[in-house]
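J.: Sequence first, predicted coordinates after that:
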Amino acid sequence: MRRVMIIGQPGSGKSTLARQMGEITFLPVVHIDHIHWKSGWIERPQEEKSRLCEDVHARDAWIFEGGYSATWSSRMQRADTLIWIDLPLPLRAWRVFRRTALSYGRTRPDLPDGCPEYFSAEFWHYIWRTRHTARAGCANLFASCPETKDRHHLQSPRAVQNYLSHLTEALSVGHLGIPHR
């Protein structure tokens with residue numbers, strides 16, 4: 001395990017899983033929101049986002065969480081592991097509400113400085129509008145993932161916790177090809 005791609009819809013727990021995996025594996029974690037946004041919630045131009053993603057893909061090791069499907073194909077080519085967190089909309093919506101309330105006015109670690117958390121009708125509309133299409137995109141990517149890659153379709157919080165437990169165990173016995181620290 002050297003290059004891990006984590007996908008899922010808003011509120012699925014991509015950033016949290018990436019951070020936890022980074023702590024376990026010592027692989028560098030990249031959050032797509034650091035690429036998507038500049039300080040002040042200013043969206044980067046598409047060409048710049050693509051270039052920044054490609055720069056990450058070229059690295060030797062990473063845990064890269066998040067969307068921006070325009071670069072999924074090249075990310076998938078470089079990844080050795082694909083994780084799709086696929087949780088139901090009500091749970092994801094609750095998580096988005098809770099994280100917004102708990103972090104309101106502050107910038108979360110998976111966002112660039114100067115992007116404080118706030119309630120956004122536009123973001124909630126995006127979550128609702130893409131609930132089927134974004135899931136279908138994740139499903140298509142997962143289905144097209146070569147069987148030579150390590151693939152995980154996690155459909156519950158318990159499945160995520162079980163995955164982390166198995167990852168910790170595999171690392172402790174040296175089965176992942178990651179030097180133990």
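T.: That came through fine. Numbers count the residues shown, from 1 in each chain.
J.: how about the residue positioned nearest the centre of the chain, what does it touch?
T.: The C-alpha lying nearest the average C-alpha coordinate of the chain belongs to E65 (CA atoms, centre = their mean; 2.4 Å). By CB atoms under 8 Å, 6 or more residues apart in numbering, E65 lies in contact with 6-7, 14-15, 17-18, 29-32, 110. In short, each C-beta sits where N, CA and C put it, glycine included.
J.: Likewise for R99?
T.: 11, 108, 117.
J.: what about stretch 27-34, start to end distance?
T.: 17 Å (CA to CA, to the nearest Å).
J.: Next: stretch 144-152.
T.: OK, stretch 144-152 end separation, CA to CA: 13 Å.
J.: That stretch - what's its average pLDDT?
T.: Stretch 144-152 shows an average pLDDT of 95 in the prediction.
J.: follow-up on the earlier one: can you select the buried ones from the contacts of E65 in PyMOL?
T.: Buried residues among the contacts of E65 (16 or more other CB atoms under 10 Å), as a PyMOL selection:
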select buried, resi 6+7+14+15+17+18+29+30+31+32+110
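J.: Of the contacts of E65, just say which sits nearest to E54.
T.: V30 (12.2 Å; CB to CB).
J.: Helix or strand: which one has the closest residue to that closest one other than its chain neighbours?
T.: Of all residues not flanking V30 in the chain, F64 sits nearest, at 4.6 Å (CB to CB, 6 or more residues apart in numbering). F64 belongs to strand 62-65 when assigned by DSSP states H and E.
J.: Tell me the first helix or strand C-terminal of that strand.
T.: helix 72-78.
J.: residues near K149, how many?
T.: Other residues near K149 come to 14 when the count uses other CB atoms under 10 Å.
J.: What values do phi and psi take at it?
T.: Main-chain torsions, K149, degrees, to the nearest 10: phi -100, psi 150.
J.: That one: what's it in contact with?
T.: 76, 79-82.
J.: Helices of the protein, residue ranges please.
T.: In the chain, the helices defined using DSSP state H lie at 14-25, 32-36, 46-57, 72-78, 89-103, 121-129, 133-144, 157-172.
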